[in-house]
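> What follows is a predicted structure for the sequence shown.
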Amino acid sequence: VRKCNAGARCIGGRHDRWSHNRSYCSSDNPIRQHLSASATSVGRFPALACQGKVPTDHRMLLPSGHIKQASRVSQSAMRHRKDQGQPAKPVAQGESSTAAELVPAADAICIDGSLLEGGGQILRNAVALAAITGKSIHVNKIRAGRAKPGLSPQHLTGLHLVESISQGCLEGGAIRSTAINFTPGTPTIGNYTADTKTAGSCTLMVQQALPVLLFAQPPGRSILTLKGGTDASFAPPIGYLQDVFLPTFKRLMGPAAAGVTLDLVRRGFYPKGGGEAVLQVPSLAAGQALPAFDITNRGHLVRIDGYAYTAGKVKPDVGRRMAQSAINDIRQALRNPATIFGSSSSSPNPAAGQLAAAAAAPDSSSICSAVIDIPTIVEPPERAFGDGGGIVLVAQTSTGCLLGSTALAERGVTAEAVGAIAARDLVEALTSGAAVDHWMQDQLIVFMALAEGTSSMLCSELTLHTRTAISIMEQLIPDVKFHITLARSNESAETPLYNVRCRGVGLHRRFREVK
């Protein structure tokens with residue numbers, strides 16, 4: 001931990017050992033030791049720029065959609081710089097003038113925005129956790145490695161949303177800004193609206209706002225209206241959240257998440273967006289904490305559900321072809337018992353032989369009606385804005401685990417190819433033997449860190465988003481430590497499995513008077 005010029009704690013830097021290979025969880029290359037060393041080694045991280053003038057053109061989204069001007073920096077900090085006569089620091093290469101001018105608060109935790117995934121994941125996790133814990137943060141080098149570094153409208157809308165929910169103050173909130181300061185207030189229940197004005201993902205804002213709203217006060221229900229892209233590239237589509245994430249989240253959280261709902265009002269596609277979804281979240285009761293959970297028993301495949309959908313000028317036949325292509329490929333995969341049990345299964349189950357035999361039969365329609373149900377949906381004009389389509393697949397296991405996959409219709413890609421992509425991803429998740437798919441991994445990390453007790457998750461190779469989420473959790477909550485061990489019993493299997501364990505901090509809803 002190193003002090004920057006303004007006295008802020010700087011935590012972050014590049015974790016070079018987070019290479020994308022399957023050895024990072026092995027005993028001879030333990031993640032835990034690397035992360036601990038990375039977060040505590042003196043002199044490992046360069047000091048951040050801490051001088052200069054702070055811009056004053058910030059606008060904050062408030063409940064019910066009202067907009068008001070917000071203060072950009074404390075006057076005491078401005079006077080301190082003036083009294084000390086500190087000169088402005090030259091702008092470093094690849095750094096915006098805003099980033100060079102932002103001054104972290106004295107108690108702020110500084111985070112390197114180019115860490116690991118190096119994109120919006122860092123902002124979403126860091127700002128949400130800051131709002132929940134009440135810690136001020138400074139994030140620099142935001143999306144530094146992207147073709148267009150800095151904040152995009154989607155990221156900025158999400159930041160303003162959490163700022164509004166937490167009654168906090170965001171500095172550096174401008175398009176293409178590469179640094180921000182965020183000082184949270186108290187998360188408060190209310191009716192909120194966030195509109196990207198583009199096809200930016202609504203679902204990523206759900207990921208950012210949900211944990212914050214759970215800890216809002218006083219106890220009550222918040223309603224969040226999200227506008228933008230509901231089915232966008234590089235983000236889970238709305239169907240995945242509705243049919244995979246939320247059912248899993250509610251099963252694991254029990255009464256703490258019983259009233260959480262997500263309703264689709266209108267689909268929105270690239271490039272115009274225009275979609276709308278409504279998230280309702282009851283906050284935790286006073287003194288209540290999120291429960292720890294165990295999602296390591298995958299069980300065997302019971303059935304596969306889903307749907308293919310089209311809207312606008314996309315012909316209904318495209319949806320039918322997507323669904324049929326996925327069904328055909330899944331039928332073929334079910335001939336392999338590993339699809340039902342996962343390749344790590346060490347004990348056979350009679351159901352595997354029955355399903356495999358049905359799939360191999362000349363007339364395999366029985367297996368389709370028994371375990372595969374993928375209808376097609378044609379969205380009416382009032383339920384979709386623009387032209388688009390896609391497919392959502394959900395596999396259910398005997399232990400209640402849900403694994404999902406999705407694919408979006410794209411120009412120049414056949415409907416059959418889209419269905420095949422979704423089927424391939426689902427079969428890979430099933431064959432791995434993991435209890436969660438690759439999209440679920442990182443979305444559960446924040447709840448593992450905040451829960452009361454030890455949580456466990458069985459997954460395949462950790463995604464870059466998951467590793468980023470783990471790093472941010474440990475930086476902002478020092479008492480939280482994640483332990484990752486090799487879990488697969490079948491060493492000959494192609495895909496290794498890992499057990500991710502975390503003893504959560506057991507955070508309770510903060511007691512603070514709301515004025």
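Looks like it came in fine.
> For stretch 108-119, buried residues please.
Counting neighbours by 16 or more other C-beta atoms under 10 Å, one finds that the buried residues in stretch 108-119 are 108, 109, 110, 111, 112, 113, 114, 115, 116, 117, 118, 119. The way it works is simple: take the backbone N, C-alpha and C, and place the C-beta from them, glycine included.
> Using CSV, write down the CA coordinates of stretch 408-420.
These are the backbone C-alpha positions of stretch 408-420, laid out as CSV (Å, rounded to 0.1, in the frame of the first residue of the first chain):
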residue,chain,number,x,y,z
LEU,A,408,-28.1,-12.8,-31.1
ALA,A,409,-29.1,-12.7,-34.7
GLU,A,410,-26.6,-10.8,-36.7
ARG,A,411,-26.4,-9.5,-40.2
GLY,A,412,-24.5,-11.9,-42.4
VAL,A,413,-24.9,-14.8,-40.0
THR,A,414,-27.4,-17.5,-40.9
ALA,A,415,-30.2,-18.4,-38.4
GLU,A,416,-28.8,-22.0,-38.3
ALA,A,417,-25.4,-20.7,-37.2
VAL,A,418,-26.9,-18.5,-34.5
GLY,A,419,-28.8,-21.5,-33.0
ALA,A,420,-25.6,-23.7,-33.3
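> neighbouring contacts of it?
Residues outside stretch 408-420 that contact it (C-beta atoms under 8 Å, 6 or more residues apart in numbering) are 231, 233, 237, 308, 310, 314, 317-319, 321-327, 329, 388-391, 407.
> any idea which helix or strand carries the residue positioned nearest the centre of the chain?
For the chain, the residue whose C-alpha lies nearest the mean C-alpha position (C-alpha atoms, centre = their mean) is residue 443; its distance is 4.5 Å. When secondary structure is defined using DSSP states H and E, the element that contains residue 443 is helix 438-450.
> Please apply the same query to residue 167.
Taking DSSP H and E as the definition, residue 167 sits outside all helices and strands.
> I'd guessed it sits against residue 189; true?
No: the pair residue 167 and residue 189 does not pass the contact test of C-beta atoms under 8 Å, sitting 11.4 Å apart.
> ok so, going back, can you list the buried residues of stretch 108-119 in a markdown table and add distance to residue 447 and secondary structure?
Converted to a markdown table, the buried residues of stretch 108-119 look like this (distance: C-beta to C-beta, whole Å; DSSP: H, G, I helix; E, B strand; the rest coil):
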| residue | distance to residue 447 | secondary structure |
| --- | --- | --- |
| 108 | 25 | coil |
| 109 | 21 | strand |
| 110 | 25 | strand |
| 111 | 20 | strand |
| 112 | 24 | strand |
| 113 | 23 | coil |
| 114 | 26 | coil |
| 115 | 21 | coil |
| 116 | 20 | coil |
| 117 | 19 | coil |
| 118 | 23 | coil |
| 119 | 21 | coil |
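> okay if I get those as TSV plus pLDDT and distance to residue 144?
Shown next, in TSV, are the buried residues of stretch 108-119 (pLDDT from 0 to 100; distance: C-beta to C-beta, whole Å):
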residue	pLDDT	distance to residue 144
108	93	19
109	94	19
110	95	15
111	94	12
112	94	9
113	92	6
114	91	4
115	89	10
116	90	12
117	85	12
118	86	7
119	87	10
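> Nearest to residue 334, out of these: which one, please.
For these, the minimum distance to residue 334 (C-beta to C-beta) is 34.1 Å, reached by residue 117.
> I'd like to know how far the closest one sits from residue 398.
Plainly put, residue 117 is 34 Å away from residue 398 if you go by C-beta to C-beta, to the nearest Å.
> Same question for residue 324.
For residue 324, the distance to residue 398 under the criterion C-beta to C-beta works out to 27 Å.
> does residue 276 count as helix, strand or coil?
Applying DSSP: H, G, I helix; E, B strand; the rest coil to residue 276 yields a three-state assignment of strand.
> Isn't it up against residue 268?
Yes: under the contact definition of C-beta under 8 Å, residue 276 touches residue 268, with a separation of 7.1 Å.
> quick revisit: in terms of secondary structure, what does the helix holding residue 443 contact?
Contact here means 3 or more C-beta pairs under 8 Å, 6 or more residues apart in numbering; DSSP states H and E; on that basis helix 438-450 packs against helix 120-133, helix 203-214, helix 246-253, strand 402-408, strand 454-459, helix 464-476, strand 482-486, strand 498-503.
> Mind putting these into a markdown table with distance to residue 221?
Compiled in a markdown table, these are given as follows (distance: least, C-beta to C-beta, whole Å):
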| stretch | distance to residue 221 |
| --- | --- |
| helix 120-133 | 18 |
| helix 203-214 | 9 |
| helix 246-253 | 15 |
| strand 402-408 | 25 |
| strand 454-459 | 26 |
| helix 464-476 | 27 |
| strand 482-486 | 32 |
| strand 498-503 | 29 |
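> the strands in the stretch 251-400 of the chain, which residues?
All strands of the stretch 251-400 of the chain, identified by DSSP state E, counting those that start in this stretch, fall at 261-268, 275-282, 294-295, 301-311, 372-373, 376-378, 384-385, 388-397.
> Among these, show the one with the smallest mean pLDDT.
Set side by side, the strands of the stretch 251-400 of the chain show their lowest mean pLDDT on strand 372-373, which sits at a mean of 92.
> So what are the sheet partners of it and their directions?
Based on DSSP bridges, the pairing partners of strand 372-373 within the sheet are strand 301-311 (parallel).
> Was I right to think residue 264 contacts residue 242?
Yes: assessed by C-beta under 8 Å, residue 264 is found in contact with residue 242 at 6.9 Å.
> what about residue 157, distance to residue 120?
11 Å.
> mind listing what the residue nearest to the centre of the chain touches?
In this structure, residue 443 makes contact with 207, 245, 249, judged by C-beta under 8 Å, 6+ apart.
> The first one: neighbour count?
If I follow you right, that is residue 207. Residue crowding around residue 207 was assessed by other C-beta atoms under 10 Å; the count is 22.
> Wait, residue 232 touches residue 271, no?
No: Residue 232 is not in contact with residue 271 according to C-beta under 8 Å; the separation is 9.9 Å.
> shared neighbours, these two?
With contacts taken as C-beta under 8 Å, 6+ apart, residue 232 and residue 271 have residue 199 as neighbours in common.
> And those two? Which one has more around it.
More neighbours sit around residue 232 than around the other of residue 232 and residue 271, counting by other C-beta under 10 Å; the figures are 27 against 9.
> Helix, strand or coil: sort out the more buried one for me.
Taken by three-state DSSP, the conformation at residue 232 corresponds to coil.
> so what's residue 224 up against?
Per C-beta under 8 Å, 6+ apart, neighbours of residue 224: 161, 191, 192, 193, 194, 206, 209, 213, 278, 279, 280, 281.
> So, low pLDDT: which residues of the stretch 201-350 of the chain?
Low-confidence segments of the stretch 201-350 of the chain (pLDDT under 70): 343-350.
> Just list whatever residues bridge to residue 289.
Beta bridges link residue 289 to residue 508 when assigned by DSSP bridges.
> pretty sure it contacts residue 451?
Yes: with contacts defined as C-beta under 8 Å, residue 289 counts as touching residue 451 at a distance of 7.0 Å.
> ok, those two, which is more surrounded?
residue 451 (25 against 19).
> And for the closest residue to the more buried one other than its chain neighbours, the neighbour number?
The shortest distance from residue 451 to any non-neighbouring residue, by C-beta to C-beta, 6 or more residues apart in numbering, is to residue 504 (3.7 Å). The local packing count at residue 504 equals 24, with neighbours defined by other C-beta under 10 Å.
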